[in-house]
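**Q** Build me a structure from this.
(2 chains)
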Amino acid sequence: MIDATDRRLIAATQAGLPFVARPYHALAEELGLNPSEAMRRLRRMLASGVIRRIGAVPNHYRLGWTENGMSVWDVEEVLLPELGPKVGALPFVTHCYRRPRRPPLWPYNLFAMVHGRAPEEVAAKVETIRDLLGEACRAHTVLTSTRILKKTGLRLTAG
Amino acid sequence: MDELDRRLVNALQGGFPIAERPFARVADELGLEEAEVIRRLARLRADGVLTRFGPMYDAERLGGAVTLCAMQVPAERFEEVTEIVNAFPEVAHNYERRHALNMWFVLAVERPDEIDATVARIEAATGLEVLNLPKLDEYFLELKLSA
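**A** The predicted structure is shown next:
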């Protein structure tokens, strides 16, 4: 479990690490912590999965991955435990989730995010998923994103 | 972005060291100078090529909750509604998508019971229905796309 000091560390690093030679020392100083203590706590949170990873989050549009298709599928519920992991394992699928249907507006229960550098690339990848799902899929569509309206890390108060 | 920027972005999507001089370690691995790595990363961040640089936290392991929401926003209200939705600190990401449901955003909150309350506040603030589509199962999560 994390304690109040961990939460202060989390709050202080949500916007990111400073671009200085000793970023963890700068962070520790800001919080009045010993630098080795700050690093020990971050290592522990990384080991326990509280921190998923440490690094750069690129704006994928700026990297040329301009085509981002959220493919959504209406798949027979009982077949999802078998088919979901197969879709998720495809190398071009970056996120894959089961979500609730909201009929009539939203009949889809499987989400697979597909990225490409061109529209045809996304379309071809979606076809691959369709072939994989076969008869189990009743309907599908692809929602392409036209704009990032907001993208930040999660925000947490020091609480 | 030049070749060196691309190498940096690809090398640093995870695994940034926890050490006294982490940029120096990265520089050693890539055959660069520490100051060069810091300068380039700061520039990529300032230019918006990187949206963040640092630890990525798992909201659910922090006791929080995350969900995906969709809204059907009338075209003539799109910019106005974007401002309202983006002003909520609980909204972590927001995308415009080509569909009748044309606004898709991720809510990240500190306690699971805040999801419903936040959805209700967004509905009240916008006058629009919010479809809450929480994940029920996760089949894969991998964010690495090469630069």
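**Q** OK, now which residue of chain A is nearest to chain B?
**A** A:G88 (3.1 Å; Cβ to the nearest Cβ). Backbone N, C-alpha and C define where each C-beta goes, glycine included.
**Q** The lengthiest strand in chain A near chain B at all?
**A** Secondary structure of chain A read by DSSP state E shows that its longest strand is strand A:137-151. Yes: for a cut-off given as Cβ under 8 Å from any Cβ of the partner chain, strand A:137-151 has contacts with chain B, namely A:T141, A:L143, A:T144, A:S145, A:T146, A:R147, A:I148, A:L149, A:K150, A:K151.
**Q** just the buried members of the residues you listed?
**A** Listed as buried from the residues of strand A:137-151 next to chain B are A:L143, A:T144, A:S145, A:I148, A:L149, A:K150, A:K151; burial here means 16 or more other Cβ atoms under 10 Å in any protein chain shown.
**Q** you'd agree the fifth one is up against B:A87?
**A** Going back to what we said before, that points to A:L149. No: using Cβ atoms under 8 Å, A:L149 is not in contact with B:A87, being 11.5 Å away.
**Q** From the chain's centroid, how far away is the longest strand of chain A?
**A** Chain-centre distance of strand A:137-151: 15 Å, with Cα atoms, centre = their mean, to the nearest Å.
**Q** Partner strands of it and their direction?
**A** strand A:67-75 (antiparallel), strand B:91-97 (antiparallel) (DSSP bridges).
**Q** List the contacts of the host helix or strand of A:L132.
**A** A:L132 belongs to helix A:119-133 when assigned by DSSP states H and E. Residues from elsewhere that reach helix A:119-133 (Cβ atoms under 8 Å, 6 or more residues apart in numbering or on different chains): A:67-69, A:71, A:73, A:75, A:83, A:86-87, A:90, A:92-93, A:112, A:114-116, A:137, A:140, A:142, A:144.
**Q** rerun that using 7 Å as the cut-off
**A** For helix A:119-133, contacts defined as Cβ atoms under 7 Å, 6 or more residues apart in numbering or on different chains pick out A:67, A:69, A:71, A:73, A:75, A:83, A:86-87, A:90, A:92, A:112, A:114, A:116, A:137, A:140, A:142.
**Q** Mind checking which of those are buried?
**A** A:67, A:69, A:71, A:73, A:75, A:83, A:87, A:90, A:92, A:112, A:114, A:116, A:137, A:140, A:142.
**Q** In those, find the pair that's most separated.
**A** Pairwise distances across these (Cβ to Cβ) peak at 24.2 Å, for the pair A:E67 and A:L83.
**Q** show me where the chain has strands.
**A** Assuming you mean chain A. A:51-58, A:67-75, A:93-98, A:110-116, A:137-151.
**Q** should've been chain B
**A** Secondary structure of chain B (DSSP E): strands at B:50-57, B:65-71, B:91-97, B:103-109, B:130-133, B:137-141.
**Q** need those strands in CSV with mean pLDDT and mean neighbour count, can you?
**A** Output for those, formatted as CSV (pLDDT from 0 to 100; neighbours: other Cβ atoms under 10 Å in any protein chain shown):
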stretch, mean pLDDT, mean neighbour count
strand B:50-57, 92, 21
strand B:65-71, 95, 20
strand B:91-97, 93, 19
strand B:103-109, 95, 23
strand B:130-133, 97, 19
strand B:137-141, 78, 16
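**Q** Contact partners for the most far-flung residue of chain B relative to its centre?
**A** Residue farthest from the centre of chain B, counting by Cα atoms, centre = their mean, is B:G31 at 30.0 Å. Applying Cβ under 7 Å, 6+ apart to B:G31 gives no contacts.
**Q** Dihedrals phi and psi, it?
**A** phi 70, psi 40 (degrees, to the nearest 10).
**Q** can you give me the helices in chain B?
**A** Ranges of helices within chain B are B:3-11, B:22-30, B:34-47, B:78-86, B:114-126, based on DSSP state H.
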